[in-house]
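Asks: Build the 3D model from these lines:
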Amino acid sequence: MTHHATDPLLARLAGLGVDAPAGLLDRVAARWLRVPGPVGDVTVAFTDQGIAYVREDHDGFAAAFHDRFSRPLLPAARPPAGLVTALRTGRAATLALDLRDLTPFQRDVLQAARAIPRGEVRPYAWIAARIGRPTAVRAVGTALAGNPVPLLVPCHRVIRSDGATGEYVFGAEAKERLLAAEGVDLDRLRALAGSRVFYLASDTTGIVCFPTCHNARRITPAHRHGFRTLPQARAAGYRPCRSCRPAA
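Replies: Numbering: from 1, shown residues only. Have a look, this model is predicted:
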């Protein structure tokens, strides 16, 4: 990765007659390195604000980063604190991200996706409803497809309402592997969707959940009831789970 060597901005900084102020370079340039990820090594770029870009491709990474962010890249000596652990565990809620180049809508979509716990999934429509744009389901899909920091913002945990996993920046197979590794039973989800069941309720708690919610997974078969829509569950006397928030 040699893109930084010819970057005109870095060349001008190197030609300054005096030393640049401390920290200026890190405010202008991003750093990159290769680290282990849950589905193979990934290349990561980060700034002084946080992680900015994560992709599998190594050879084309610098050009893709520069085309998207117009920032020069320099090699990093070490990964930011917490990055490797976040990639390994799938828990990145406290990791600093640099999402300044996104639109407010895109940031809202990614922040909503970031709230989905490991081992659970939500439909695209849930994201749209949660950010107050219930008719913007297609736009939500587009924003997730352009997620600059996949794995750290877990867009792989957003799937189609029919149980199909949908598209993913690292490919559909990688998305299914990630979800399976996190404990999501995709076959069960597809079977439920095939029966037009998208919500599960417990007659002992009176709560209705998304099927992958940790509360739903504790419902025993004798007390489990399936519903196609949330209004049907409400009409039957069930209230939405406060954990998975099916009512967004």
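
Asks: show me the contacts for Gly82.
Replies: If you count contacts by C-beta atoms under 8 Å, 6 or more residues apart in numbering, Gly82 has them with 92, 94-95. C-betas here are computed from N, CA, C, even on glycine.

Asks: Between those, which sits nearest His156?
Replies: Distance to His156, by C-beta to C-beta, is smallest for Ala92 among the contacts of Gly82, at 12.4 Å.

Asks: ok, that closest one to Thr229 distance?
Replies: Going from Ala92 to Thr229 by C-beta to C-beta, to the nearest Å gives 32 Å.

Asks: likewise Ala125?
Replies: 11 Å.

Asks: Compare these two (neighbour count), which wins?
Replies: A count of neighbours by other C-beta atoms under 10 Å puts Ala125 above the other of Ala125 and Thr229, at 17 against 11.

Asks: Test my guess that the more buried one contacts Ser161.
Replies: Yes: Ala125 is within contact range of Ser161, at 6.3 Å (criterion: C-beta atoms under 8 Å).

Asks: give me every residue that touches the spatially closest residue to Ala136 that is not a sequence neighbour.
Replies: Nearest non-adjacent residue to Ala136, counting by C-beta to C-beta, 6 or more residues apart in numbering: Ala128, 4.9 Å away. Taking C-beta under 8 Å, 6+ apart, we find Ala128 in contact with 134-137, 139-140.

Asks: can you give me the helices in the chain?
Replies: Taking DSSP state H as the test, the helices found in the chain are 8-14, 24-28, 61-69, 83-89, 104-114, 124-130, 137-145, 172-181, 186-194, 230-235.

Asks: I'd like the ones you listed written out as a markdown table, with mean pLDDT added.
Replies: Formatted as a markdown table, the helices of the chain follow (pLDDT from 0 to 100):
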| stretch | mean pLDDT |
| --- | --- |
| helix 8-14 | 51 |
| helix 24-28 | 69 |
| helix 61-69 | 91 |
| helix 83-89 | 95 |
| helix 104-114 | 97 |
| helix 124-130 | 96 |
| helix 137-145 | 96 |
| helix 172-181 | 96 |
| helix 186-194 | 94 |
| helix 230-235 | 97 |
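
Asks: Burial-wise, tell me which of those comes out on top.
Replies: helix 124-130 (a mean of 22; mean count of other C-beta atoms under 10 Å).

Asks: what's the offset of it from the middle of its chain?
Replies: Taking C-alpha atoms, centre = their mean, to the nearest Å, the mean C-alpha location of helix 124-130 is offset from the chain mean by 14 Å.

Asks: Stretch 144-154 now?
Replies: Between the centre of stretch 144-154 and the centre of its host chain there is 4 Å, according to C-alpha atoms, centre = their mean.

Asks: swap in stretch 129-136?
Replies: For stretch 129-136, the distance to the chain centre is 17 Å (C-alpha atoms, centre = their mean).

Asks: Start and end of it, how far apart?
Replies: End-to-end distance for stretch 129-136: 8 Å, by C-alpha to C-alpha, to the nearest Å.

Asks: Give me the buried stretch members for it, please.
Replies: With burial defined by 16 or more other C-beta atoms under 10 Å, the residues of stretch 129-136 counted as buried are 129-131, 136.

Asks: Just put the helices of the chain in a markdown table and tack on distance to Asp203.
Replies: Below are the helices of the chain laid out as a markdown table (distance: least, C-beta to C-beta, whole Å):
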| stretch | distance to Asp203 |
| --- | --- |
| helix 8-14 | 64 |
| helix 24-28 | 57 |
| helix 61-69 | 50 |
| helix 83-89 | 35 |
| helix 104-114 | 30 |
| helix 124-130 | 24 |
| helix 137-145 | 31 |
| helix 172-181 | 29 |
| helix 186-194 | 18 |
| helix 230-235 | 11 |
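
Asks: Looking at those helices, spot the one closest to Pro154.
Replies: Short answer: helix 104-114, nearest of the helices of the chain by C-beta to C-beta, at 6.2 Å.
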